[in-house]
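[1] coords please:
(chains A and B)
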Amino acid sequence: MSSRLRILDRVRAALADVPPAERPEDVPVPRDYLRAHAEDGLVVLFAERVADYRASVLRTAPSGVARTIRSALAARGLSRVVVPPGFPAAWTDLPRTEDLGTAELDAFQGVVTGAAVAIAVTGTIVLAGGPGQGRRALSLIPDHHLCVVRASQIVADLPDALARLDPARPLTFISGPSATSDIELDRVEGVHGPRTLEIIIVDDLSEEEP
Amino acid sequence: MSGDGLVWLGTPAFPEAAREALADTRLRRNLRRATTTIRDKRLAAVGELDDWERLRESGAAIKRRTLRHLGHYLERLEEKVTAAGGVVHWAADAAEANRIVADLVKATGRTEVVKVKSMATQEIGLNEALAAEGITAYETDLAELIVQLGDDRPSHILVPAIHRSRAEIREIFTREMGRRGKDAPADLSDDPRALAEAARLHLREKFLSAKVAVSGANFGVAETGTVCVVESEGNGRMCLTLPETLITVMGIEKVVPDFVDLEVFLQLLPRSSTGERMNPYTSLWTGVTPGDGPQEFHLVLLDNGRTQTLRDTVGRQALSCIRCSACLNVCPVYERTGGHAYGSVYPGPIGAVLTPQLAGVEHAASLPFASTLCGACYDACPVKINIPEVLTHLRAKIVQGRRPGAEALVMKAATAVLSAPGRLSAVQRASFLGGRVIARKGRIGRLPPPLAGWSAARDTPAPPSESFRAWWSRTKESS
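    Got it, this is the predicted structure:
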């Protein structure tokens, strides 16, 4: 007998106490938890929560994105920067690159990407491999990650974020720079992933929050 | 030595191991400091959410639904992963899982793999099994690296090197890194920042050249075939993204029904585990994505005692565990003995209920007794596993399985004595004399068997020179 059948047989035998007529949905799952732990002021909250992870946050009007990106890169002395295909042309004139190997990516100091969605309560950005986000290796190997998020992409909390994402895509949730607490539970930012995370929020909403 | 299986053969039973651990003042200092820090962080992170109890209820219910219909969800997961370009394997036990992984690695023609921290691969002793096949496994989580380089054993689910101080870690890195790759910097200090930097430099060449990675899984979504790994350092992303082949070993209980269920667990897990609103990196992938990440994906579904655990209607709730380690951090026993005393990859309160069930109670009979039943673990558990209930249930099983021993005979004798006043007076007079002979400074310490079990951990006051009944009859008669 294959191990597949053996395991499924054992599972069936172990669950002899479950009535045969019971369907999975017959087991109640309460969903009365809050859909979100914040309602308004999401842009400000997102910026605060990102900063709590010791990532830096810049805000700009839509007209100032290109300038903000340029000065953010210059301020850190980054000249070798990779930008994924599909990143808005109005935001930077740096060349778009794709299909770079691991070693080639390692030669870059930084990467500029967009995001699929951002989460205010947890200070998280989510990359989903869409246009302007790049494949996963791109936002992982360079040591400095600059991510441009539109205010309209910021949702309140995790449930709303998951609802906006396609599970078929490779998804990366990023909350601050890479970190470890493995030595005496003392938090250190910057291990294997990008050691610096910088987020630019583009205020594409009116002054009032939605 | 690291990760050589669920139960570490040849290690002493808990009471003996605990006595040794308690004598190690450095270990106790390291542990007290670490558990105090993490407890405070968890309370702050959990306290931010008004609906924490409702999230716990939901998490517990999702796990209950999953376990009651485990076969259904496993078949669905298999179907979805396969449809997305992954290959699903089933492993009935540790040996079969190790064989599957070793064969998959060999088929790539490689002799090195990079690993993401994973309890399941620790449990099956994968690194040792691969080594026997000529394959070198490199642990890439910082704490796992410390354990692996130190030829040590993990002592905590989340922070396996929690028993090590920064000075010890510096010494291990300086001594061992060069033997397995890039040497530690010559002037390495014991600042955690410098130590993390040394790990980064040591592992970077491994990440960039690795062709095969092995990971565990925090969740596998039946509805979509999506697998989820939660981590902090980015070593997980490196392993899940850069190699050509990814092999994920997942316990069958890690399946969750629907993608939407992640909205519960991704809130419960980081706040319970590291006390953060969200861990730095969470990766989700579904099968293979052309042009992005590994183009070959294998999912190994592991039983290894889980279906045996599922048979027990009280004990099966232990399979709900999401490996957050909150129960370890709040446990007064764990805080004092550390993880090694439990003699298993799963230490602490959850280990005390999981290890005996996965391995069979006869292989870990002392663990269900390694608890004061204070219930702090139950309060902290994000999926509401009633650990004290399972502990007492397992204790009863173990006691029922034993022949009546000395303790039962003593209890029988006590019944006879206490039911007859004349016999009681005689025994009390005898105990006064006997107690005076063995007592030191008014206390009776450790006694030889069969009384050793009762007297090893507590002193008994020497019996008084006169019993109340004797005093009563003497003073009543004289007045």
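
[2] do stretch B:55-66 and chain A meet at all?
    Yes - using Cβ under 8 Å from any Cβ of the partner chain, stretch B:55-66 reaches chain A at B:55, B:57-58, B:61-62, B:64-65. All C-beta atoms are positioned from the backbone trio N, CA, C, and that covers glycine.

[3] Give the rounded mean pLDDT of stretch B:117-128.
    For stretch B:117-128, mean pLDDT rounds to 95.

[4] From the rest of the structure, what touches it?
    B:2-6, B:94, B:97-98, B:101, B:115, B:137, B:139-141, B:143-144, B:148, B:154, B:157, B:160, B:214-217, B:231, B:235-236, B:249-251, B:302, B:304, B:323, B:345-346, B:358 (Cβ atoms under 8 Å, 6 or more residues apart in numbering or on different chains).

[5] Report the separation between the residue of chain A found nearest chain B and residue B:45.
    Minimum separation of chain A from chain B (Cβ to the nearest Cβ) falls at residue A:193, amounting to 2.4 Å. Residue A:193 sits 21 Å away from residue B:45, going by Cβ to Cβ, to the nearest Å.

[6] Please convert the residues of stretch B:55-66 next to chain A to JSON lines, extending it with distance to residue B:290.
    Below are those laid out as JSON lines (distance: Cβ to Cβ, whole Å):
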{"residue": "B:55", "distance to residue B:290": "37"}
{"residue": "B:57", "distance to residue B:290": "41"}
{"residue": "B:58", "distance to residue B:290": "36"}
{"residue": "B:61", "distance to residue B:290": "37"}
{"residue": "B:62", "distance to residue B:290": "32"}
{"residue": "B:64", "distance to residue B:290": "38"}
{"residue": "B:65", "distance to residue B:290": "34"}
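
[7] What number of residues are in the vicinity of residue B:138?
    For residue B:138, the count of nearby residues is 22 (other Cβ atoms under 10 Å in any protein chain shown).

[8] hang on, isn't it packed against residue B:116?
    No - with contact defined as Cβ atoms under 8 Å, residue B:138 does not count as touching residue B:116 (10.7 Å).

[9] quick one: contacts for the residue lying closest to residue A:10 once chain neighbours are set aside?
    Distances taken as Cβ to Cβ, 6 or more residues apart in numbering or on different chains put residue B:307 closest to residue A:10, at 3.7 Å, once the chain neighbours are dropped. Residue B:307 makes contact with A:7, A:10-11, A:13-14, B:252, according to Cβ under 8 Å, 6+ apart.

[10] rerun that using 6 Å as the cut-off
    A:10-11, A:14 (Cβ atoms under 6 Å, 6 or more residues apart in numbering or on different chains).

[11] ok, now residue B:31?
    B:335, B:338.

[12] Kindly recompute the last result at 10 Å.
    The neighbours of residue B:31, taking Cβ atoms under 10 Å, 6 or more residues apart in numbering or on different chains as the test, are B:21, B:24, B:155-156, B:162-163, B:328-329, B:334-339.

[13] The residue in the stretch 101-250 of chain B positioned nearest to chain A: neighbour count?
    Among the residues of the stretch 101-250 of chain B, residue B:234 lies closest to chain A, at 2.4 Å counting by Cβ to the nearest Cβ. Residues lying near residue B:234 (other Cβ under 10 Å) number 27.

[14] Residue B:168 now?
    Counted with other Cβ under 10 Å, residue B:168 comes out at 17.

[15] Now name the helix or strand holding it.
    Using DSSP states H and E, residue B:168 falls within helix B:166-176.

[16] Quickly check: the worst-scoring helix or strand of chain A on mean pLDDT near chain B or not.
    None of the helices or strands of chain A scores lower by mean pLDDT, DSSP states H and E than strand A:188-189, at a mean of 88. Yes - against chain B, strand A:188-189 shows contacts by Cβ under 10 Å from any Cβ of the partner chain at A:188-189.

[17] measure the nearest residue to residue B:345 once chain neighbours are set aside to residue B:143 for me?
    Spatial nearest neighbour of residue B:345, chain neighbours left out: residue B:122 (4.4 Å); criterion: Cβ to Cβ, 6+ apart. Separation of residue B:122 from residue B:143 (Cβ to Cβ) stands at 12 Å.

[18] Break chain B down into its domains, please.
    B:14-306, B:413-478 (automatic domain parsing).
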